[in-house]
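Colleague: sequence and predicted structure below; questions after.
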Amino acid sequence: MDDFRTAGADRPATVDLRPHANALLHDPNPVYAKFLEQGPVHWAIQPDGTEAWLVLGYPEAKAALAHPALSSNPVHATPQWRAHFLGDPDTTEFPHGRNMLNSDPPEHTRLRKPTTQAFTPRRIEALRATVEEHTARLLRALPPQAPFDLVDDFAAPLTLSMICDVLGVPDLDHGRIREWADRVSFPAAPQDAIAARQELIPYFDQLISEKRVRPGTGLFDALLHTTDVDPLSHEELRATAFLLLLAGHETTIGLLSNAVLCLLTHPDQLALLRANPALVDQTVNETLRLTPPAPSPFPRFAREDLTLGPTAIPGDGSQVKIVISSAQRDPRQFPAPHTFDINRPASYLLAFGHSIHGCPGRSLAHLEAAVALPALLEHFPDLALAAPSDALTWRTGPLLRALSHLPCRAHATSSRPAAASARNR
């Protein structure tokens, strides 16, 4: 099947991603790099058969993230998109309600302000000791000899503990929260994500009601009791809790596990970081550039005509998918874009969004990775992969791409993993 096909007089040539479905799952970067060479914006058929504008270039992606003609509100989406992702062509809301992620100004401004005032740099920095405590506890539990899964045994429980601390979720409920978050972020089908959101609604309803009666001292409690801004309604608080859970848990798992994988597959960069631990912030940033845990942000919908780069996009409600993972490998912006280089000169990244939709939790995610990564490397001076890197599998969701597992061991072994030996026989 040809990569391009003519879509008619009202559309440019269409990129058909269906023949590339397996490649996109294993490693989407070569696929997107190929199409970026042919242009920064394309009308595309996605692997699931839905259609969208793909924004692949850095300047075009940055412009799209801030463009007022592109809406985050599903009210501007096509009925076909709403039927596929919301389960009803006539609904304009997610089951959990409206938060800053799926709203536009002036509503977005009102919804974002309490979160910004609750998640101050001082409050985020005050969580450093908590991150260190959870990190030390989890490291002590990792086996010194046997292989372990960095995702399930370290990254996931660390970020889950932190976001549950933020939300005030009891320890006994951590397992349920992890299951719900996984089903929303990596659904087997769109209907599974819808069902998981429906199951989370009564849980968050009860949590918020209890906090109103018995407030705690966490960040979410601060959000409930902000006094110098318009208070959020119960439904808006619930929708914000959804956003904090999904943005503060799954993305940070991906950030931490991706950083470890990048370092273990680039021993020169790992040696550089070990020799100069002060490079940890640059290591986190380079991981975010090369392998962002959220390759695409929440979709935008073209509510007005606009132009991105050389491409005119009609304001017909079509989905606009901004591919951050491609934009941050655009050679027009990043020399040697496919190289992992923790000494790379600083550049403006889009991994946590841009403009009004910049992620308010970016400081917490960066803090967790910047604390956990050097602690892990110090605890295991000879940390190594316990499986070939090309045998690792990935999960993809509407917004996220993450390692399913990352087998590691305290030190390299003299014999190669069985999978590698079998392939070489």
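Modeller: Looks like it arrived, so ask away. Since this is a predicted model, take the numbers as computed values, not measurements.
Colleague: which strand or helix spans the residue nearest in space to the middle of the chain?
Modeller: Geometric centre of the chain, nearest residue: residue 294, 2.8 Å, by CA atoms, centre = their mean. Residue 294 belongs to no helix or strand when assigned by DSSP states H and E.
Colleague: wait, isn't it in contact with residue 398?
Modeller: No - between residue 294 and residue 398 there is no contact, the gap being 10.0 Å when judged by CB atoms under 8 Å. Quick note: C-beta positions are derived from backbone N, CA and C, even for glycine.
Colleague: sorry, back to before: report the contact partners of the residue nearest to the centre of the chain.
Modeller: 251, 254, 324, 351, 399, 400, 401 (CB atoms under 8 Å, 6 or more residues apart in numbering).
Colleague: what about it, distance to residue 361?
Modeller: Distance of residue 294 to residue 361, given as CB to CB, to the nearest Å: 12 Å.
Colleague: what do you get for residue 299?
Modeller: Distance from residue 299 to residue 361, by CB to CB: 20 Å.
Colleague: residues in contact with the helix or strand harbouring residue 368?
Modeller: Under DSSP H and E, the secondary-structure element containing residue 368 is helix 362-379. For helix 362-379, the external contacting residues (CB under 8 Å, 6+ apart) are 119, 121, 124-125, 127-128, 131-132, 135-136, 139, 142, 154-155, 158-159, 162, 166, 248, 251-252, 255-256, 259-260, 263, 270, 273-274, 277, 280-281, 283-284, 287, 352, 359, 383.
Colleague: average pLDDT across it?
Modeller: Mean pLDDT, computed over helix 362-379, is 94.
Colleague: CA atoms of that helix as CSV?
Modeller: Provided in CSV are the C-alpha atoms of helix 362-379 (Å, rounded to 0.1, in the frame of the first residue of the first chain):
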residue,chain,number,x,y,z
ARG,A,362,6.0,19.6,35.6
SER,A,363,8.0,20.7,38.6
LEU,A,364,6.9,17.7,40.6
ALA,A,365,7.6,15.3,37.8
HIS,A,366,11.1,16.8,37.3
LEU,A,367,11.7,16.6,41.0
GLU,A,368,10.8,13.0,41.3
ALA,A,369,13.1,12.0,38.4
ALA,A,370,15.9,14.2,39.6
VAL,A,371,15.8,12.7,43.0
ALA,A,372,15.2,9.0,42.1
LEU,A,373,17.6,8.7,39.2
PRO,A,374,20.9,9.5,41.0
ALA,A,375,19.7,7.6,44.1
LEU,A,376,19.2,4.5,41.9
LEU,A,377,22.6,4.8,40.2
GLU,A,378,24.3,5.3,43.6
HIS,A,379,22.5,2.3,45.1
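Colleague: quick one: buried residues of that helix?
Modeller: 362-377, 379 (16 or more other CB atoms under 10 Å).
Colleague: could you do stretch 146-159 as well?
Modeller: Buried-residue list, stretch 146-159, by 16+ other CB under 10 Å: 147, 148, 149, 150, 151, 153, 154, 155, 156, 157, 158, 159.
Colleague: quick check: the last one touching residue 249?
Modeller: Yes - assessed by CB under 8 Å, residue 159 is found in contact with residue 249 at 5.2 Å.
Colleague: pLDDT wise, what is residue 65 at?
Modeller: pLDDT, residue 65: 95.
Colleague: residue 334 too?
Modeller: Residue 334 is assigned a predicted lDDT (pLDDT) of 97.
Colleague: and it, how many neighbours?
Modeller: Residue crowding around residue 334 was assessed by other CB atoms under 10 Å; the count is 20.
Colleague: quick one: it from residue 32, how far?
Modeller: 14 Å.
Colleague: residues contacting the residue nearest to residue 393 when sequence neighbours are not counted?
Modeller: Nearest residue to residue 393, sequence neighbours excluded (CB to CB, 6 or more residues apart in numbering): residue 404, at 4.5 Å. Residue 404 sits next to 151, 392, 393, 394, 395 when contact means CB under 8 Å, 6+ apart.
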